[in-house]
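Student: Take this sequence and fold it.
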Amino acid sequence: MTKTKPYALSKNQYAKILIHKRFKNFWWLYAIMILLGLLNLKTFNESSFSSFVVIFSLAYPIVTFLFLYLWTHAKAHNPIFSTTNLLFDNEFIYFHVNKNETKLHHESIQKVVSNKIYWLLYVSKGQFVYIPKDIFYTQDDFNKFSVMINT
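Tutor: Have a look, this model is predicted:
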């Protein structure tokens, strides 16, 4: 069994992950909204409808990202930011959080999203486990974990 350094997901990192994921999935919507707002900017104040279109189109992306940022900082999400101890062997990944243990079989990982500083292990379509890449004591531990989650 291989043990890693304890880690915790910060609120700002969680917000960055969600905002990045939202922008990646809906970039086209935000581009259309901004384009629509800019195209109607000439007619701003000529009618209430054009004013509404401009304000709504330009404010929508900002309000959406602000909402996601504030949502991630809500007190109800505090358990997500608890310190986690990770252990793993050839078959399972064990998470120790607040004196509770969760066991995840490596085959139950549906998708792995890799970044320079972390992995997101998706166990369902909308649920992921955050694992930073700097929690391993040795390069060999890092390599074993990387091979296990990518198979």
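
Student: For this protein, identify the residue most remote from the centre.
Tutor: Glu46 (41.5 Å; C-alpha atoms, centre = their mean).

Student: Can you tell me the SS state at that one?
Tutor: coil (DSSP: H, G, I helix; E, B strand; the rest coil).

Student: List the contacts of it.
Tutor: Applying C-beta atoms under 8 Å, 6 or more residues apart in numbering, we find Glu46 in contact with no residue. In short, each C-beta sits where N, CA and C put it, glycine included.

Student: what does stretch 104-116 contact?
Tutor: 91-95, 119-125, 128-129, 133, 148-151.

Student: how about the lengthiest helix in the chain: buried residues?
Tutor: Counting by DSSP state H, the longest helix found in the chain is helix 11-39. For helix 11-39, the neighbour count (16 or more other C-beta atoms under 10 Å) marks Gln13, Tyr14, Ala15, Ile17, Ile19, Arg22, Tyr30, Met33, Leu36, Gly37 as buried.
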